[in-house]
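>>> structure for the following, please:
(chains A and B)
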Amino acid sequence: MPQYGLALRYFFLMSTLVLLSGLWMFVANTSLGLEETSAYYAPKSFYGLLETVSPHLFSMGVLIFILTHFFAIVSGVAHEKFSLFSTLFFMVMLVANVSGFFITDSSIFFTLLKLLSTLMFSLFSFYALYKLFKIT
Amino acid sequence: MKFLVTKELSQNRLLRLQVLWLTAILVLFLLTDVVLHHYKIGLTPSLALENILGNEEAFIEPILFSVLLENIHIDLFISMITLMLLVVIFIRVVNKRKNKLIHVAFLSAVLAPLCLLLGYFYGAAFIYLWIAFFILWHLTALYFAFSIFRKL
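Have a look, this model is predicted:
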C-alpha cells in the first residue's frame, strides 16, 4: 500500500497546482472585481464561453469525483457530513461554469454569482485536498 | 447481477485486454504529446527560447503570458491523470518496489511546468530545465508503460 499512498500524495500535490494555476488565470482575467468580471465575460460569444466551459465540466467533474470518492472508501470519515459536502461541491462547480453564460453588462447578480461560486469551488477543493493529505 | 471481483489480472482476460488497450493509448498520447510540444513550444533549446522569449532579429514576438499559463494549466492536469493511471497500473501489475522511479516521474512532471513559468521571467536556464524535465517525465511514463506490457 505505501506505493499507492506515494502516488496519491503526488496526485493531490498536482491537483493543488492545477487549482492554483486556474485561480491565477481567473484572477488575472477578472481581478476579482465586479466590473472587471463583467467586462471579461459579457462580450464573449456563446461559442467562446463553451470552449472554456465544456472541458472544465469534464475535468472539474472528474477531479471532484476522484477527490470525494476517497471520503466514501476510507475508514473513519463521517459519510453524512461528506455526502452534503460532495453535493455542494458538484453544485458549486456547476454554478461556477454555467453562470458565465448569463453575465451581461447590466446584470450584477450573475457576475457576483460567478465570482462567489468560483471562490467557493476553490475553497472546497483546498479543503478536500487538505483532508485527504491528512488521511493518506 | 453479480460482480466478478478478482485481484488477479491473469484470471480476467477481458480486464487484462482493457488495461493493455489503455496503456497502449497512453503510450500513443505520450508520443504525440512530445511531437505537439515540439511544434508548440520547441524541444530544442534554440526553438524553445525563440518561441517563449521571442527573437527581435527574426521578428518573433514572445509568447503571451496568458497563453503560457493556459498551457501550463492544461499540461499539469493531463500529466497528473496520465501518470496516476500508469503508476496505479504499474504498482498493481509489477510487483516490485519502485518508489524512486515514482518520485522521479511525478517530481519531473511537477517541475517541468514550474520551470517553463520561471523561464518566461528569468530566462534560458529554466527553459533548458523545462526541456529536461519534460523529456524525463515522458521517459519514466514510457518505462512504466513498457513494464506493464512486459508483465501482461
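>>> who's in contact with B:Phe65?
Residues in contact with B:Phe65, defined by Cβ atoms under 8 Å, 6 or more residues apart in numbering or on different chains, are B:Tyr120. Any C-beta I mention is one placed from the backbone N, CA and C, and that applies to glycine too.
>>> no no, A:Phe71
A:77, A:79, A:82, A:85-86, A:128, A:131.
>>> so for the helix or strand it falls within, what's the average pLDDT?
Using DSSP states H and E, A:Phe71 sits in helix A:46-73. Averaging pLDDT along helix A:46-73 yields 93.
>>> buried sites along that helix?
Using 16 or more other Cβ atoms under 10 Å in any protein chain shown as the test for burial, helix A:46-73 gives A:49, A:53, A:56, A:59-60, A:63-64, A:66-68, A:70-71.
>>> also stretch A:19-31?
Here stretch A:19-31 shows A:19, A:21-23, A:25-26, A:30 as buried, counting by 16+ other Cβ under 10 Å.
>>> how about stretch A:71-89?
Neighbour-count burial for stretch A:71-89 flags A:71, A:82, A:85-86, A:89 (criterion: 16+ other Cβ under 10 Å).
>>> and it, how far from the chain's centre?
Relative to the chain's own centre, stretch A:71-89 is displaced by 17 Å; criterion: Cα atoms, centre = their mean, to the nearest Å.
>>> can I get it in CSV, CA atoms only?
Output in CSV follows, covering the C-alpha atoms of stretch A:71-89 (Å, rounded to 0.1, in the frame of the first residue of the first chain):
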residue,chain,number,x,y,z
PHE,A,71,-14.2,10.0,1.6
ALA,A,72,-16.5,7.2,0.8
ILE,A,73,-13.9,4.4,0.8
VAL,A,74,-11.6,5.5,3.6
SER,A,75,-12.5,4.4,7.2
GLY,A,76,-13.1,7.0,9.9
VAL,A,77,-14.9,9.5,7.7
ALA,A,78,-18.4,10.8,8.6
HIS,A,79,-20.4,9.8,5.5
GLU,A,80,-23.4,12.0,6.2
LYS,A,81,-21.2,15.1,6.5
PHE,A,82,-19.3,14.3,3.3
SER,A,83,-22.4,13.4,1.2
LEU,A,84,-23.6,17.0,1.8
PHE,A,85,-20.1,18.3,1.1
SER,A,86,-19.9,16.3,-2.2
THR,A,87,-23.3,17.5,-3.3
LEU,A,88,-22.4,21.2,-2.6
PHE,A,89,-19.1,20.7,-4.3
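>>> can you give me the helices in chain A?
A:2-30, A:34-41, A:46-73, A:79-98, A:109-135 (DSSP state H).
>>> name the element the nearest residue to A:Phe11 once chain neighbours are set aside belongs to?
Using Cβ to Cβ, 6 or more residues apart in numbering or on different chains and skipping the chain neighbours, the partner closest in space to A:Phe11 is B:Met84 (5.1 Å). Taking DSSP H and E as the definition, B:Met84 sits inside helix B:65-93.
>>> run through chain B and note the low-pLDDT ranges.
B:1-7 (pLDDT under 70).
>>> near chain A, which residues of it show up?
B:66, B:69-70, B:72-73, B:76-77, B:79-81, B:83-84, B:87-88, B:91, B:97-99, B:102-103, B:106-107, B:109-110, B:113 (Cβ under 8 Å from any Cβ of the partner chain).
>>> give me every residue that touches residue 131.
Using chain A here. A:Phe71.
>>> oops, chain B please
With Cβ under 8 Å, 6+ apart, B:Ile131 has these contacts: B:43-45, B:48.
>>> grab the most central residue of chain A for me.
Residue closest to the average C-alpha location in chain A (Cα atoms, centre = their mean): A:Phe121, at 3.8 Å.
>>> wait, isn't it in contact with A:Leu94?
No. Checked against Cβ atoms under 8 Å, the pair A:Phe121 and A:Leu94 is beyond contact range at 9.6 Å.
>>> burial of A:Leu32, as a residue count?
For A:Leu32, the neighbour count with other Cβ atoms under 10 Å in any protein chain shown is 13.
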